[in-house]
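Chemist: predicted model and sequence follow; I will ask about them next.
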Amino acid sequence: MAWHRYVAVGDSFTEGVGDPGPDGGLVGWADRLAVLLADAPGGVEYANLAIRGRLLRQVVDEQLPAALELRPDLVSIVAGGNDLLRPGADPDALAAVMEDAVAALRAGGADVLLATGVDPRATPLIARTRGRSAVYNAHLWSIAARHGAHVLDQWGAAWVQDARVWDVDRLHLAPEGHRRTALAAAAALGLDVDPAWAVPLDPAPPVPRRERVATEAAWLRSFVVPWVGRRLRGRSSGDGRTAKRPVPTPVGPAQTEAASGLAGSGAGLPNA
């Protein structure tokens, strides 16, 4: 199936954090997916309303109405990860909010792409959210079945457990991670793409214990402590930010050359 207007909503994952472009803006998997969609007859118009730090309810209340007004025929909605990081998060309540959003999008005539969360088992501290993340993921599959939505399965992806596809903050994908996610999303939508995106990277050489300990300490200092500080002050990394691509604009034929490789530099991709 060919889609002609794709709108992405969500948080930092969909905004493209961790995937800088050549112009200093962000690229990200959704931008890269738009390039792949543009290869269909007629091309595609693309808007990205995602803003980092947003909770699911904020995405639904702030971005969903704007997305519906754009009359898309495809919407990706990926949210809830920021909620699940918070103590006491209720995955059942989150799923109810997400299901209402999917139902609204489907009633508006759009196909919907959801994405499960990544299994956090390998990341210290974040691994504590594994149980509620798994429950939320199970709900997403059920929601998709009830409403005829597509699902990008990140939980079951072996390659995504490799630290080399993640940014140094361990919360956001690096360019290679965004590249593979775009191809995985295209496959979930039924596009014909090279299946090599699913092949794990060659094994990495072992890291000495002293280096691992130093890396853990640096991660806690540089990312965990500031994150906790923002939570205590009631602040968000997305405060004051607006959507990077609020108006649907064409992803032209000249940009589709990047689709086969989706270079980590973001060359040939829509401006972020």
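Modeler: Yep, that arrived.
Chemist: how close does the residue lying farthest from the centre of the chain get to Ala186?
Modeler: Going by C-alpha atoms, centre = their mean, the residue of the chain most distant from its centre is Arg210, 32.8 Å out. Counting by C-beta to C-beta, to the nearest Å, the gap from Arg210 to Ala186 is 41 Å. C-beta here means a position set from N, CA and C on the backbone, and glycine is covered the same way.
Chemist: ok, Gly18 next?
Modeler: 19 Å.
Chemist: ditto for Pro120
Modeler: Counting by C-beta to C-beta, the gap from Pro120 to Ala186 is 25 Å.
Chemist: more neighbours: which of these two?
Modeler: Ala186 (25 against 22; other C-beta atoms under 10 Å).
Chemist: now the host helix or strand of that one: mean pLDDT?
Modeler: Per DSSP states H and E, Ala186 falls inside helix 175-188. For helix 175-188, mean pLDDT rounds to 97.
Chemist: could you do stretch 135-146 as well?
Modeler: Mean predicted confidence for stretch 135-146 is 98.
Chemist: quick one: distance of it to the chain centre.
Modeler: Offset of stretch 135-146 from its chain centre (C-alpha atoms, centre = their mean, to the nearest Å): 17 Å.
Chemist: got the buried residues for that stretch?
Modeler: Using 16 or more other C-beta atoms under 10 Å as the test for burial, stretch 135-146 gives Tyr136, Asn137, His139, Leu140, Ile143, Ala144.
Chemist: among the residues you listed, which lie within strands?
Modeler: With strands defined by DSSP state E, no entry of the buried residues of stretch 135-146 lies inside them.
Chemist: so which of these are in helices?
Modeler: Among the buried residues of stretch 135-146, the ones falling in helices (DSSP state H) are Tyr136, Asn137, His139, Leu140, Ile143, Ala144.
Chemist: tell me who's in contact with the last one.
Modeler: Ala144 is in contact with Val102, Val112, Leu114, His150, Val151, counting by C-beta atoms under 8 Å, 6 or more residues apart in numbering.
Chemist: any chance of these in TSV, plus secondary structure?
Modeler: As requested, the contacts of Ala144 are exported to TSV (DSSP: H, G, I helix; E, B strand; the rest coil):
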residue	secondary structure
Val102	helix
Val112	strand
Leu114	strand
His150	strand
Val151	strand
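Chemist: pick the one among those residues closest to Ala67.
Modeler: Checking the contacts of Ala144 against Ala67 with C-beta to C-beta, the nearest one is Val112 at 10.7 Å.
Chemist: which residues sit in contact with the closest one?
Modeler: Val112 neighbours (C-beta under 8 Å, 6+ apart): Leu74, Val75, Ser76, Ile77, Val102, Leu105, Arg106, Ala144, His147, Ala149, His150.
Chemist: out of these, who's the most crowded?
Modeler: Val75 leads those on contacts (other C-beta under 10 Å) with 30 neighbours.
Chemist: surely that residue touches Ala67?
Modeler: Yes - between Val75 and Ala67 there is a contact at 5.7 Å, judged by C-beta atoms under 8 Å.
Chemist: shared neighbours, the two?
Modeler: Val7, Val9, Leu105.
Chemist: okay, now the unreliable bits of the stretch 1-150 of the chain?
Modeler: Within the stretch 1-150 of the chain, no range satisfies pLDDT under 70.
Chemist: spell out, range by range, the strands that occur in it.
Modeler: Under the criterion DSSP state E, counting those that start in this stretch, the stretch 1-150 of the chain carries strands at the ranges 5-10, 44-48, 74-78, 111-115, 150-152.
Chemist: residues in contact with the nearest residue to Gly177 once chain neighbours are set aside?
Modeler: Excluding the flanking residues, the one nearest Gly177 by C-beta to C-beta, 6 or more residues apart in numbering is Val165, at 3.7 Å. Taking C-beta under 8 Å, 6+ apart, we find Val165 in contact with Trp159, Leu173, Ala174, Glu176, Gly177, Arg180, Leu201.
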